[in-house]
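> got a sequence here, can you model it:
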Amino acid sequence: MNNNRTWNILNWNVRGINSSEKWLAIRQKVEESAAGIVCIQETKRENFDLAYIHNFFPQRFNKFEFLPSIGASGGILTAWNGSMFTGELLFQNKFSLSIQFTCNISANKWILSNIYGPCRHEEKIEFIDWFSNIQMPNDVDWIVMGDFNFIRSPENRNKPGGDVNEMLLFNEAISNLGLIELPLKGRQYSWSNMQESPLLEKLDWFFTSAAWMTSYPNSMALPL
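Below is the predicted model:
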């Protein structure tokens, strides 16, 4: 994702990571994406170690940070190829993991925030209050991605509805942070309720700082 080297980040809400069938699916997508970093949301798991990580990640993924689930809900995992990147956990709360990565080839430093937004309205207000007030210097290369559980406009769902006030708050937070959206190319929605007549929504978002787009102008978000 820079002029000298291409590298990929895989982002996925896996809806639980505790079955061998899911492990196989994750491993296949990691290989298909040729990812050096993987951001997972909704692990539904309270703890990880390297032996468990290697049930679904190739051996090259030897570094990770995680946010445990609360009971059987939530959970965030960010894992990476330690030969490509050095990572340092900068911040975590119940919605996010933020890691500063250093490229082992170029020595470039940048920050990745892996987000899993809440579903309940009360927690959404808490999330927006935190998200809109992040203090990130303008010159930092910052990329933000994950399942936010927010839509930005009524066009982000295939059926009428959605909380307009939540949309306004989400867009205001994005504007306050000066974030630039990386559009998801080739797919309008990223989530389905899997019903016979499904509700489809775009809940996964990819944003960067302006500094990031100067450093990595060829960045793009593609679906698998």
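> name the element the residue positioned nearest the centre of the chain belongs to?
Taking C-alpha atoms, centre = their mean, the centroid of the chain lies closest to residue 146, which sits 2.5 Å from it. Element membership for residue 146, per DSSP states H and E: strand 142-147.
> which elements pack onto that strand?
In terms of contacts (3 or more C-beta pairs under 8 Å, 6 or more residues apart in numbering; DSSP states H and E), strand 142-147 is packed against strand 8-13, strand 35-41, strand 109-116, strand 204-208, helix 210-215. Where you see a C-beta, it was placed from the backbone N, CA and C, and this is true even at glycine.
> do that again at 7 Å, thanks
Packing partners of strand 142-147 (3 or more C-beta pairs under 7 Å, 6 or more residues apart in numbering; DSSP states H and E): strand 8-13, strand 35-41, strand 109-116, strand 204-208.
> pull up the pairing partners for that strand, direction included.
Strand pairing for strand 142-147, determined by DSSP bridges: strand 109-116 (parallel), strand 204-208 (antiparallel).
> let's have the helices and strands packed on strand 142-147 in a markdown table, adding mean neighbour count.
A markdown table is the format used below for the helices and strands packed on strand 142-147 (neighbours: other C-beta atoms under 10 Å):
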| stretch | mean neighbour count |
| --- | --- |
| strand 8-13 | 19 |
| strand 35-41 | 25 |
| strand 109-116 | 22 |
| strand 204-208 | 22 |
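> export the ones you listed to a markdown table and tack on distance to residue 89 and mean pLDDT?
Formatted as a markdown table, these follow (distance: least, C-beta to C-beta, whole Å; pLDDT from 0 to 100):
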| stretch | distance to residue 89 | mean pLDDT |
| --- | --- | --- |
| strand 8-13 | 17 | 96 |
| strand 35-41 | 14 | 97 |
| strand 109-116 | 11 | 98 |
| strand 204-208 | 20 | 97 |
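> can you give me the helices in the protein?
For the chain, helices defined by DSSP state H occupy the ranges 20-33, 50-53, 121-132, 164-177, 210-215.
> related to what we said a few turns ago, save the helices and strands packed on strand 142-147 as a markdown table, and put in distance to residue 181 too.
Formatted as a markdown table, those follow (distance: least, C-beta to C-beta, whole Å):
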| stretch | distance to residue 181 |
| --- | --- |
| strand 8-13 | 14 |
| strand 35-41 | 17 |
| strand 109-116 | 14 |
| strand 204-208 | 6 |
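> nearest to residue 67, of the ones you listed?
Comparing the helices and strands packed on strand 142-147 by their distance to residue 67 (C-beta to C-beta), the top pick is strand 109-116, with 8.0 Å.
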